[in-house]
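1. sharing a model prediction with you, sequence too.
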Amino acid sequence: MPLNDFAYQRCLNHQCGYTCGPEEARTACPKCGDLLDVLYDWNRSKPPSSLKYFEEMWSRRNEPLRFSGIYRFHELLPFAKPETVVTVGEGQTLLQQSDFVGTYVGMKPGRLYLQYEGMNPSGSFKDNGMSAAFTHAHAIGAKRAACASTGNTSASLAMYCAATRLMKAVIFIGSGKISYGKLSQALDYGALTVQIAGDFDDAMARVQEISRDLGIYLVNSVNPFRLEGQKSIMFRVLEALRWEVPDWIVVPGGNLGNSSAFGKAFMELKELGLIDRVPRLAVINASGADTLFELFEHRGLRWNGGRANMSIVDHYYQELDQLGRKASTIASAIEINRPVNLRKCLRALEFCDGVVRQVTDQEMLDAKAKVGAGGFGCEPASAASVAGARLLRDQGIIGSDERVVCILTGHQLKDPTATVAYHTTDQEQFNKVLGSRGVKRASFANRAVAVPNDLGEIIKAIQLYS
Ligand SMILES: Cc1ncc(COP(=O)(O)O)c(C=O)c1O
């Protein structure tokens, strides 16, 4: 059996109490419909007694298991036997200090860090979770895997299928809702791409039905194994900070897989006595897709030790339907109104004394331009973390000398249309791509200089502008 029998799955709703073995492929509890968690009998799995143990694993990264930035921390997500994990070398990402971006956010020097997940093989943080879900899918003999996607999940799934030849990818996307960078990846990697006349929420609903009916393995983040891989983002942050816990983790919120995984990582590290305090968590929505913000900050929805009042959520979704309000933001990766991991995220917010904020497309694009000018580069959704940190700084919630980690979830080249429209001199192009989203100006645009094909004129322009 490729899976460890000290791993098991349990319903998030403790009153339900459903548990099953690691070999089950379920995206919801069959008894009550809640989400499932992957848990471990830590007494049997024997995790290390100090995080310093992982320093040796870094030095052994030429070995097949430790060559992955996820399985380097295998002991903290030990659902599969080491020799069975599927890896393409994902998770070799770095935490980097940026005083340039820190100044924009309002931090003192040395206090702002960017966790640059765009450096994953498919260009986004998704590879962390995909490697884990893929390992699980392969362990239980799946031959086809599916997802609904705003682009990055599909790019990641398609890449694992193409690189390993272990499964075929079937991906569902909403029409006109995916950036070219991401769509081009899925097509190039050879995934069967199904474009649905609808948005991400529609595609998500359909892919769940289809996976059930056709017995296809579902890799969206309702799959609890995905979140096991995504915990490793926090392990790498801690590793880079020499195992010191930062004050804040700031992360964009879409389907809320990352925030949920981060909370679970810290819950487990605390339970194992590997850390003695936890960071605060800030989840940042786009203002055009702000379900979590609305529910948490305005309507008082809380995890409340597992007794969250979900009728608040049902009521809110009914309102959205009545108003015909669809998610709408330039940050297509987080253009989601019905986040599937909502309950797990509430748990994370409670454990990490979290806050939720929303930022406009204008704020995201300006923050994105600063991230780019600082030498990193990210897609619009990722910049929500930097824009959100800035807002929390302005509100005095983040202190200027606290240590803040913003997660850059996806690479700059994922959405060149938004970037070029921001920096363009062509007003028509700006209006078409960004003006229609309520973006009024490109505060930090770096405009190309148009010159005649004449040596003297070119030299004049360089002297004028440089
Ligand atoms: C670049 C990027 N940022 C953020 C998110 C949102 O992450 P989550 O669904 O974990 O909240 C996504 C999800 O697709 C993404 O692709």
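-> Looks like it arrived, so ask away. Owing to the predicted nature of the structure, the values given are computational and were not obtained by experimental measurement.
2. grab the longest helix from this protein for me.
-> As assigned by DSSP state H, the longest helix anywhere in the chain is helix 224-240.
3. anything in the helix or strand following that helix near the ligand?
-> Moving toward the C-terminus from helix 224-240, the next helix or strand (DSSP states H and E) is strand 248-252. Yes. Strand 248-252 is in contact with the ligand by Cβ under 6 Å from any ligand atom, via P252. In short, each C-beta sits where N, CA and C put it, glycine included.
4. all helices for the stretch 351-466 of the chain, in order.
-> Taking DSSP state H, counting those that start in this stretch as the criterion, the stretch 351-466 of the chain carries its helices at 361-373, 383-394, 416-423, 427-433, 455-465.
5. related to what we said a few turns ago, in CSV, list the C-alpha atoms belonging to the longest helix of the chain.
-> In CSV, the C-alpha atoms belonging to helix 224-240 read as follows (Å, rounded to 0.1, in the frame of the first residue of the first chain):
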residue,chain,number,x,y,z
PRO,A,224,-7.9,17.6,1.3
PHE,A,225,-4.6,16.3,0.0
ARG,A,226,-4.0,19.5,-2.0
LEU,A,227,-3.9,21.4,1.3
GLU,A,228,-1.3,19.1,2.7
GLY,A,229,1.1,20.1,0.0
GLN,A,230,0.2,23.8,0.4
LYS,A,231,1.2,23.7,4.1
SER,A,232,4.8,23.4,2.9
ILE,A,233,4.7,27.1,1.8
MET,A,234,4.7,28.0,5.5
PHE,A,235,7.4,25.5,6.3
ARG,A,236,9.7,27.2,3.8
VAL,A,237,8.8,30.6,5.2
LEU,A,238,9.9,29.4,8.7
GLU,A,239,13.0,27.7,7.3
ALA,A,240,14.0,31.0,5.6
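6. that one vs strand 248-252, what angle?
-> Between the axis of helix 224-240 and that of strand 248-252 there is an angle of 140 degrees, by axes from the mean of the first three to the mean of the last three Cα atoms, to 10 degrees.
7. circling back to that earlier point, for the ligand, find the nearest of the helices of the stretch 351-466 of the chain.
-> Closest to the ligand of the helices of the stretch 351-466 of the chain is helix 383-394 (Cβ to the nearest ligand atom; 7.5 Å).
8. now that closest one: buried residues?
-> By neighbour count on 16 or more other Cβ atoms under 10 Å, the buried set for helix 383-394 is 383-393.
9. contacts for that helix?
-> 101, 104-107, 112, 114, 248, 250-253, 282, 284-286, 331, 334, 355, 357, 359, 363-368, 370-371, 398, 400, 404, 406-409 (Cβ atoms under 8 Å, 6 or more residues apart in numbering).
10. ok, now with 6 Å
-> Helix 383-394 is contacted from outside by 105-106, 250-252, 282, 284, 357, 359, 363-364, 367-368, 371, 398, 404, 406-407, using Cβ atoms under 6 Å, 6 or more residues apart in numbering.
11. so in terms of bridging, what pairs with L36?
-> C11 (DSSP bridges).
12. do the longest helix of the chain and the ligand meet?
-> No. Using Cβ under 6 Å from any ligand atom, helix 224-240 stays clear of the ligand, with a minimum separation of 7.3 Å.
13. coming back round to it: for the buried residues of helix 383-394, which one is nearest R61?
-> S385 (27.1 Å; Cβ to Cβ).
14. now that closest one: how far from L183?
-> Per Cβ to Cβ, to the nearest Å, S385 is found 24 Å from L183.
15. do M364 as well
-> 21 Å.
16. and if you look at G190?
-> According to Cβ to Cβ, G190 stands 13 Å off from L183.
17. same question, Q358
-> 27 Å.
18. now do M167
-> Shown here: M167 relative to L183, a distance of 20 Å by Cβ to Cβ.
19. quick one: which of these two has more around it?
-> M167 (22 against 19; other Cβ atoms under 10 Å).
20. need phi/psi at the more buried one.
-> phi -150, psi 170 (degrees, to the nearest 10).
21. now do the contacts for it.
-> Contacts of M167 by Cβ under 6 Å, 6+ apart are 143, 145, 161.
22. could I have the buried ones of these as PyMOL selection syntax?
-> Buried members of those, defined by 16+ other Cβ under 10 Å, are picked up in PyMOL with:
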select buried, resi 145+161
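23. any chance of JSON lines for the contacts of M167, columns secondary structure, distance to the ligand and pLDDT?
-> JSON lines is the format used below for those (DSSP: H, G, I helix; E, B strand; the rest coil; distance: Cβ to the nearest ligand atom, whole Å; pLDDT from 0 to 100):
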{"residue": "K143", "secondary structure": "coil", "distance to the ligand": "25", "pLDDT": "97"}
{"residue": "A145", "secondary structure": "strand", "distance to the ligand": "17", "pLDDT": "97"}
{"residue": "C161", "secondary structure": "helix", "distance to the ligand": "18", "pLDDT": "98"}
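24. how close does the residue in the stretch 101-250 of the chain positioned nearest to the ligand get to K168?
-> Closest to the ligand within the stretch 101-250 of the chain is N152: 3.5 Å, counting by Cβ to the nearest ligand atom. To K168, N152 is 19 Å away according to Cβ to Cβ.
25. and what of F235?
-> From F235 to K168 the distance is 31 Å (Cβ to Cβ).
26. what helices or strands is the longest helix of the chain leaning on?
-> Helices and strands touching helix 224-240, as assessed by 3 or more Cβ pairs under 6 Å, 6 or more residues apart in numbering; DSSP states H and E, comprise strand 36-40, helix 126-139, helix 257-271.
27. that one to helix 257-271, inter-axis angle?
-> 60 degrees.
28. what angle do helix 126-139 and helix 224-240 make with each other?
-> Counting by the same axes, to 10 degrees, helix 224-240 points 130 degrees away from the direction of helix 126-139.
29. distance between helix 224-240 and the chain's centre?
-> 11 Å (Cα atoms, centre = their mean, to the nearest Å).
30. what does it rub up against?
-> Contacts for helix 224-240 (Cβ under 6 Å, 6+ apart): 36-38, 70, 73, 77, 91, 95, 115, 128-129, 131-133, 136, 257-258, 260-262, 265, 405.
31. can you narrow those to ones near the ligand?
-> With Cβ under 6 Å from any ligand atom as the criterion, these include 257-258 near the ligand.
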